[in-house]
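Undergrad: I would like the atomic coordinates for the input below:
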Amino acid sequence: MSGDFPTFRDCPATIRDLDSNCGPISMWMVLRHFRKRTSARQIIRRCRHTKKTGTFTIAMAVALRESGLQVEFHTDRDADPRPIERQLYTRAKQLNIQVCDPLTIEQLAARIRGRTIAIVYYDTDEHNGHFSPLIAFRNSRLILPYSDCGSMQIAEFEAKWSAPKICRQCIIISR
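TA: Got it, this is the predicted structure:
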């Protein structure tokens, strides 16, 4: 699956040039993978991306559902959701997107098979949250096409996925 998965360099410059672009880029990659065509501006708008806050995971879950894909949203409880997140949780409920408990790494691995992929949110070495599609598990590594190396050891990912303010968030996506 990773050989034909869309790449960063294929992403429109309008999205690549954004500050805090990882959410819109990840969404573009997933939409492209599932052959859902839309404009770069539409992706930015649907993600509710802003220069100040970037994109919230729940915003991408809503945007992907509004784009015709099946989504599940998994998260730890957020002790301090922003007003836009509260609005998006309401919208998610209207779209029948369940807010589910976080997955374990084993559960996540079991879900990423065949035509199901995920977008995961994890901490970086610079302590900035980062989104990447997660398309496979191979040889004790996660295949993350929008990460520094394209993959990450499971133990390293678990630590970054469980970092403070990360909430072990992921979106499970299928057609």
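Undergrad: what sits against the residue nearest to the spatial centre of the chain?
TA: Central residue of the chain (Cα atoms, centre = their mean): Ile119, 2.8 Å from the mean position. If you count contacts by Cβ atoms under 8 Å, 6 or more residues apart in numbering, Ile119 has them with 26-27, 30, 57, 60, 131-134, 170-171, 173. (Glycine included, C-beta is placed from N, CA and C.)
Undergrad: out of those, who's nearest Asp125?
TA: Taking Cβ to Cβ as the measure, Asp125 sits nearest to Ser132 out of the contacts of Ile119, at 14.1 Å.
Undergrad: Show the model's pLDDT score for the closest one.
TA: Note on Ser132: pLDDT of 97.
Undergrad: which SS state does it fall under?
TA: strand (DSSP: H, G, I helix; E, B strand; the rest coil).
Undergrad: please renumber so the chain begins at 8
TA: Sure thing, new numbering starts at 8, so read that last one as Ser139.
Undergrad: Please settle this for me: is the residue nearest to the centre of the chain part of a strand?
TA: Yes. Under three-state DSSP, Ile126 sits within a strand.
Undergrad: related to what we said a few turns ago, between the contacts of Ile126, which is nearest Gly121?
TA: Ile180 (12.2 Å).
Undergrad: how much space is there between the residue lying farthest from the centre of the chain and Phe12?
TA: Centroid-distance maximum for the chain: Asn146 at 22.3 Å, with Cα atoms, centre = their mean. Counting by Cβ to Cβ, to the nearest Å, the gap from Asn146 to Phe12 is 18 Å.
Undergrad: burial count for Cys18?
TA: 21 (other Cβ atoms under 10 Å).
Undergrad: Mind checking which of the contacts of Ile126 are buried?
TA: Buried members of the contacts of Ile126, scored by 16 or more other Cβ atoms under 10 Å, are 33-34, 37, 64, 67, 138-141, 177-178, 180.
Undergrad: can you put those residues in JSON lines and add distance to Glu113?
TA: Formatted as JSON lines, those follow (distance: Cβ to Cβ, whole Å):
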{"residue": "Ser33", "distance to Glu113": "23"}
{"residue": "Met34", "distance to Glu113": "26"}
{"residue": "Val37", "distance to Glu113": "23"}
{"residue": "Thr64", "distance to Glu113": "21"}
{"residue": "Met67", "distance to Glu113": "24"}
{"residue": "Phe138", "distance to Glu113": "22"}
{"residue": "Ser139", "distance to Glu113": "19"}
{"residue": "Pro140", "distance to Glu113": "20"}
{"residue": "Leu141", "distance to Glu113": "14"}
{"residue": "Cys177", "distance to Glu113": "13"}
{"residue": "Ile178", "distance to Glu113": "18"}
{"residue": "Ile180", "distance to Glu113": "19"}
